[in-house]
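>>> Starting from these lines, generate the structure:
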Amino acid sequence: MFQQATTRKQCVLPPAARCGFSLVEVMIVLTVLSILIAFAVPSYTRAIEQSRADVAAANLRAVWAAQRIYWLEQRVYAADLPTLESIGLLDPTLLQGPSGYAYAVSAADADSFTATATRTGSSVFSGQFTIDDTGAVTGSVASPNWPALIPAFP
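Below you'll find the predicted structure:
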């Protein structure tokens, strides 16, 4: 059989030269990481805002369902959300929760209603969503830097 000659080169460096990283290597790693973070943060911010918009639309659908039940019992839509909350049709955390949206019934009578979710607490995003007695969610939340956000399931 063939035998291969294996020779190992031994590196003879002083112990101080073999340990750690140079300042240039650390700076290159930090630069690459900062570039990756600069690309990731705007996408993360937009994803968080999209999820808030989806929650606002879901909460408006809960208001719509509560209004429909109220109408079946009273033959008129409730004029405000505390009325729906007081009879147990809405979760109290909807009105008090830190969701980033303020909910209100803007118009209600025997035939129709309109409820809104207005974006609050943000210096970047603004806008509102609306739902009416047909159950259609309309509106958008916008920022100067990105296109308008609409709920993922209107």
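>>> what ranges do the strands span in this structure?
With strands called from DSSP state E, the chain shows them at 101-108, 113-119, 126-132, 137-143, 146-149.
>>> give me the low-pLDDT residue ranges for this structure?
1-19, 97, 154 (pLDDT under 70).
>>> can you pull out the helices in it?
15-18, 23-74, 81-86, 92-96 (DSSP state H).
>>> Tell me which of these sits nearest to A117.
helix 23-74 (4.2 Å; CB to CB). Quick note: C-beta positions are derived from backbone N, CA and C, even for glycine.
>>> how big is the angle separating that closest one from strand 113-119?
Taking axes from the mean of the first three to the mean of the last three CA atoms, to 10 degrees, one finds helix 23-74 and strand 113-119 inclined to each other by 160 degrees.
>>> by how many degrees do helix 23-74 and strand 137-143 diverge?
Using the same axes, to 10 degrees: helix 23-74 against strand 137-143 is 150 degrees.
>>> most packed of the helices of the chain?
helix 81-86 (a mean of 17; mean count of other CB atoms under 10 Å).
>>> Packing partners of that helix?
helix 23-74, helix 92-96, strand 101-108 (3 or more CB pairs under 8 Å, 6 or more residues apart in numbering; DSSP states H and E).
>>> want to throw these into JSON lines with distance to A152?
Formatted as JSON lines, these follow (distance: least, CB to CB, whole Å):
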{"stretch": "helix 23-74", "distance to A152": "5"}
{"stretch": "helix 92-96", "distance to A152": "20"}
{"stretch": "strand 101-108", "distance to A152": "16"}
